[in-house]
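*Asks:* structure here, sequence nowhere to be found:
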Ligand SMILES: [Mg+2]
């Protein structure tokens, strides 16, 4: 299934944003994968050292920071997938199906073990 709707619209907007600034030259898959990891780490940094309870009760300002970093992560994920010709929704659906097969409900319910440990 071809990428559609909001993700496709965003993908085109991000492509135009980069092209208008002559930044496509920097958008190699390697650079985009690195940028994605950096943004994921910026997201993680917000939660660093918080207790589980604190992480579930963020202030309005911290929640805004999380929202920004989630946006950054999605932006680079979309750019990376676009540069590699990968349909994000299809990739997620395929992986989700693999996970369903690796983790049958009756075998794994309530457990956080990795499939290799079953
Ligand atoms: Mg960021």
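*Replies:* On my side now, so go ahead. Keep in mind that what you see is a predicted model, and the values were worked out from it rather than measured.

*Asks:* ok, now which ones touch the residue of the chain found nearest the ion?
*Replies:* Closest approach between the chain and the ion, counting by CB to the ion: residue 72, at 3.8 Å. Heads up, the C-betas are built off the backbone N, CA and C, glycines and all. By CB atoms under 8 Å, 6 or more residues apart in numbering, the contact list for residue 72 reads 39, 42, 43.

*Asks:* return the members of those residues classed as buried.
*Replies:* Among these, those scoring as buried are 39, 43 (criterion: 16 or more other CB atoms under 10 Å).

*Asks:* which members of the contacts of residue 72 additionally contact the ion?
*Replies:* Restricting the contacts of residue 72 to those within reach of the ion (CB under 5 Å from the ion) leaves 39, 42.

*Asks:* can you flag which of the contacts of residue 72 belong to strands?
*Replies:* Assigned to strands by DSSP state E, none of those qualify.

*Asks:* just to revisit the earlier point, and the helix or strand hosting the residue of the chain closest to the ion, what's buried?
*Replies:* Using DSSP states H and E, residue 72 maps to helix 60-83. Of the residues in helix 60-83, 65-66, 69, 72-83 count as buried by neighbour count, 16+ other CB under 10 Å.
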